[in-house]
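Undergrad: Here is a sequence with its predicted model. Questions after.
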Amino acid sequence: MPKKKSILDFYKMKEEGDKVAWITAYDFPTAQFAEQAGMDMILVGDSLGMVVKGYSGTVPVTMEDCISHCQDVRRGAPNTYCIGDMPFMSYQVSNEKAVENAGRFLKEADMDAIKLEGGQRVCDQIRAITDAGIVVFGHIGLTPQSSGQLGGFKAQGLHVDSARDLIDDAIAVQEAGAEALLLEAVPPELTEFIAKKLKIPVYSIGAGLPCDGQLLICGDMLGMFQAFTPKFVKQYANVAEIEIAAFEEYIKDVKEEKFPTDDHVYNVQDPIEEFEKLFEEYN
Ligand SMILES: Nc1nc(=O)c2c([nH]1)NC[C@@H]1CN(c3ccc(C(=O)N[C@@H](CCC(=O)O)C(=O)O)cc3)CN21
Ligand SMILES: CC(C)C(=O)C(=O)O
Ligand SMILES: [Mg+2]
């Protein structure tokens, strides 16, 4: 079992050009499989609202949802670096609320770091959480919690003006004390510039190759999420197909009385004659 990584390992990996592979996970079994596979880190994303709860966005997700899923993931992956994702309205209102809620991820769910969305406009919160001794991951570009302002789940930084805003946001997030930055759905040219410009590791979800590592949503890469498939997703398995086929076969077996067989039942421990006598008593 390799030793659990720390944020210093991720700085070192950036320096040495070793790429970080991470996925989201929300449950115990997925966390176990990710750790067994050697995943560098796990994000317990507020995307759990869409991937496991079936909401159409991440806005309804609560602190209680996030803490509960972080606890499940930690039990499954005790030796993997885990990041808790701060849900909508858990950090926007005030620095005090932001610090208090960030702290819950560490105290109640043993997370190693927290992530929150936004650039310059959340730098006060990033500074406050950092000052409390908590590792912060920034997240800019397509920020699903503010998809209303973005006009939907749309790629960002495609034009020079918006790219300039994102570069300013990236620098501000680093200056505020964040120790890593996630870029979501921005063009690779911009990703490469930001990854080279910043001292902190810069990771991509839908932001191309030239940076310090890649994140995918587990439900997307495993083929378990059916509502939509972002352009940036590579599907590595079709779990939906496997699961539906298994359910269909089970249904058929039940209808045709092919399940259960002798292998799946318990054997009586008294002579069958005694059982027959027992049943007689009731006839
Ligand atoms: N399952 C899942 N995967 C994700 O990647 C994801 C979530 N859920 N929930 C939170 C956000 C929302 N994300 C999304 C959602 C949709 C697109 C998408 O369909 N994009 C289109 C159009 C892009 C555009 O209009 O610019 C695409 O073709 O990629 C992208 C990212 C990323 N995150
Ligand atoms: C989309 C990713 C980056 C995320 O924040 C999540 O999974 O919640
Ligand atoms: Mg999120």
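TA: Alright, I've got the coordinates. Ligands and ions are numbered 1, 2, ... in the order given.
Undergrad: Near ligand 2, which residues of the chain? Just list them.
TA: Within the chain, the positions adjacent to ligand 2 are T24, L43, G45, D46, S47, D85, H139, L182, E184, I205, I217 by C-beta under 6 Å from any ligand atom. For the C-beta atoms, the positions are set from N, CA and C on the backbone; glycine is no exception.
Undergrad: what residues are up against the residue of the stretch 1-150 of the chain found nearest ligand 2?
TA: Nearest to ligand 2 in the stretch 1-150 of the chain, going by C-beta to the nearest ligand atom, is G45, at a distance of 2.2 Å. Counting by C-beta atoms under 8 Å, 6 or more residues apart in numbering, G45 touches T24, Y26, V51, D85, I217.
Undergrad: Give me the pLDDT value at it.
TA: Confidence at G45, expressed as pLDDT, is 98.
Undergrad: sorry, back to before: return a PyMOL selection command for the buried portion of the contacts of G45.
TA: To isolate the buried members of the contacts of G45 in PyMOL, using 16 or more other C-beta atoms under 10 Å:
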select buried, resi 24+26+51+85+217
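Undergrad: Got phi/psi on the residue of the stretch 51-200 of the chain found nearest ligand 3?
TA: Going by C-beta to the ion, ligand 3 is nearest to D85 of the stretch 51-200 of the chain, at 4.4 Å. As for D85, its main-chain torsions (degrees, to the nearest 10) stand at phi -100, psi 120.
Undergrad: what bridges to it?
TA: Taking DSSP bridges as the rule, D85 bridges to K115.
Undergrad: For it, give its distance to V51.
TA: 12 Å (C-beta to C-beta, to the nearest Å).
Undergrad: ditto for A163
TA: Applying C-beta to C-beta to A163 and V51 gives a distance of 29 Å.
Undergrad: Please apply the same query to P87.
TA: 14 Å.
Undergrad: Please apply the same query to Q149.
TA: Q149 is 23 Å from V51, by C-beta to C-beta.
Undergrad: With F232 instead?
TA: Taken as C-beta to C-beta, the span from F232 to V51 is 16 Å.
Undergrad: and if you look at D18?
TA: The value you get for D18 to V51, if C-beta to C-beta is used, is 28 Å.
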